[in-house]
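*Asks:* structure for this input, please:
(one chain, ligands or ions: 1)
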Amino acid sequence: MKIKNTKQFAHDLCDWYRLHYRKLPFRETSEPYNILVSELMLQQTQMDTVIPYYSRFIQRFPTIKDLAMAPQSEVLKYWEGLGYYRRAKHLHDTAKIIVSDYNGVFPNELNAIKKLKGVGNYTAGAIHSIAFNQPTPAIDGNVVRVLSRVTAYSNDVSTKESALYFETILKSLIKHETPRDFTQAMMELGALVCKKKPLCEICPVQKQCLAFKHHTQEDYPIKKSKKPIQHESYFTFVLQDQQNQTLLIRRPDKGLLANLMAFPQYLTSDIDLAIKRFNEDFNVTVKHASYLFDIEHIFSHKKWHLHVYRIKTDSDISSHNTYNLNDLPEAISKAHLKIIEKL
Ligand code: SF4
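*Replies:* All right, here's what the predicted structure looks like:
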């Protein structure tokens with residue numbers, strides 16, 4: 001093991017955390033439901049963005065039972081703008097399962113937590129250690145960055161062997177401290193101090209950090225090169241009638257942005273073909289298509305390039321689903337929310 005004094009490391013880290021931790025709304029409680037909501041929101045989303053969403057969500061759905069009883073469209077509405085809506089659906093499903101299978105009481109067994117929808121190893125570890133104060137490791141990108149630097153770990157961090165390596169180190173550390181403090185302290189160190197550009201001068205574990213000793217902090221973590229992002233180019237159409245009602249569709253219930261409201265769009269580089277397909281899909285005759293602007297939206301594995309056009313037609317669109325964009329009853333995809341904000 002490359003950390004010589006694990007007890008000292010754990011104490012130094014947690015002493016620092018107890019003095020410097022950020023007073024975040026989800027740190028006011030150790031309720032597993034609240035920890036689950038915050039952890040799911042924080043996947044793929046920055047802390048500053050999450051805080052107001054978390055507060056609004058908990059105000060509307062204060063308990064797991066409140067969430068389980070709510071319609072999915074309302075849950076998605078409270079998630080609107082956070083993106084990655086699959087997280088909201090998993091959270092809603094999990095609430096329903098806990099109410100039906102566990103009588104509304106959050107399970108405290110690690111294996112049962114891991115079986116909940118949307119809960120991977122990291123989230124299960126975070127809930128088990130933070131909410132139930134158990135010495136269970138929670139390994140996310142922040143933790144990997146810190147430990148790969150502290151131990152000058154020279155292998156690719158994305159392999160199974162590496163996950164086992166970091167898990168072993170965390171177990172050797174967490175046993176010396178209060179688990180819920182330790183887990184949050186590791187996360188906080190990665191978020192505030194051992195960042196991409198580390199602030200080693202204020203780091204509480206600097207004395208035991210091999211990368212600091214050898215001035216190689218920025219060499220870690222070592223990652224194999226990622227797959228290139230896939231680019232997709234769409235023509236996206238905004239069709240409004242005289243009453244300012246806008247044509248929207250519901251996306252399919254599987255795949256990217258499943259079930260969310262969206263503007264119709266066509267994956268092609270030919271505007272005439274896109275208009276022809278639009279005419280066929282909605283049985284309208286396009287009089288004029290005027291270019292508005294371009295929008296880009298990045299997902300984890302692909303990037304959308306949306307060329308947004310306003311469509312003019314004399315056709316009656318009242319038989320289609322049209323909405324007032326200022327008062328949408330359902331959640332709209334984040335990519336298309338950007339369009340509404342620019343209209
Ligand atoms: S000393 Fe620097 S590199 Fe090492 S853990 Fe602390 S912040 Fe990270």
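*Asks:* and Ala124, how close does it get to Glu280?
*Replies:* Ala124 sits 47 Å away from Glu280, going by CB to CB, to the nearest Å. For the C-beta atoms, the positions are set from N, CA and C on the backbone; glycine is no exception.
*Asks:* which residues of the stretch 1-150 of the chain lie near the ligand?
*Replies:* Residues of the stretch 1-150 of the chain lying near the ligand by CB under 6 Å from any ligand atom: 146, 149-150.
*Asks:* quick revisit: more neighbours: which of Ala124 and Glu280?
*Replies:* When neighbours are counted by other CB atoms under 10 Å, Ala124 comes out ahead of the other of Ala124 and Glu280, with 21 against 9.
*Asks:* work out for me the element that one sits within.
*Replies:* If you go by DSSP states H and E, Ala124 is part of helix 121-126.
*Asks:* pLDDT of that helix, averaged?
*Replies:* For helix 121-126, the mean pLDDT works out to 96.
*Asks:* after that helix, next one along is what?
*Replies:* Scanning forward in sequence from helix 121-126 by DSSP H and E, the next helix or strand is helix 141-150.
*Asks:* which pLDDT value belongs to Lys196?
*Replies:* We have a pLDDT of 93 for Lys196.
*Asks:* sec struct for it, please.
*Replies:* coil (DSSP: H, G, I helix; E, B strand; the rest coil).
*Asks:* got the contact list for it?
*Replies:* Going by CB atoms under 8 Å, 6 or more residues apart in numbering, Lys196 touches Arg145.
*Asks:* go again using 7 Å as the cut-off
*Replies:* Contacts for Lys196 were tallied using CB atoms under 7 Å, 6 or more residues apart in numbering; there are none.
*Asks:* would you mind measuring from it to Gly190?
*Replies:* From Lys196 to Gly190 the distance is 10 Å (CB to CB).
*Asks:* isn't Asp93 up against Lys117?
*Replies:* Yes: under the criterion of CB atoms under 7 Å, Asp93 makes contact with Lys117 at 4.5 Å.
*Asks:* my read is that Phe235 contacts Ala274, right?
*Replies:* Yes: Phe235 is in contact with Ala274 according to CB under 7 Å; the separation is 3.8 Å.
*Asks:* where do the contact lists of the two overlap?
*Replies:* Counting by CB under 7 Å, 6+ apart, the residues touching both Phe235 and Ala274 are 266, 268.
*Asks:* check contacts around the residue nearest to Lys7 when sequence neighbours are not counted.
*Replies:* Leaving aside its chain neighbours, Lys7 sits nearest to His176 (4.6 Å; criterion: CB to CB, 6 or more residues apart in numbering). If you count contacts by CB under 7 Å, 6+ apart, His176 has them with 6-7, 10-11.
*Asks:* which of those are buried?
*Replies:* 6, 10-11 (16 or more other CB atoms under 10 Å).
*Asks:* now the residue nearest to Lys7: which helix or strand?
*Replies:* According to DSSP H and E, His176 maps onto no helix or strand at all.
*Asks:* quick one: Glu232 is in a strand?
*Replies:* Yes: assessed with three-state DSSP, Glu232 lies in a strand.
*Asks:* show me what contacts the closest residue to Thr268 other than its chain neighbours?
*Replies:* Spatial nearest neighbour of Thr268, excluding adjacent residues (CB to CB, 6+ apart): Ala274 at 5.3 Å. Applying CB under 7 Å, 6+ apart to Ala274 gives the contacts 235, 266, 268.
*Asks:* how far away is the last one from the ligand?
*Replies:* The one in question is Thr268. Using CB to the nearest ligand atom, to the nearest Å, Thr268 is found at 48 Å from the ligand.
*Asks:* so how far is stretch 270-278 off the chain centroid?
*Replies:* Put simply, stretch 270-278 sits 34 Å off its chain's centre (CA atoms, centre = their mean, to the nearest Å).
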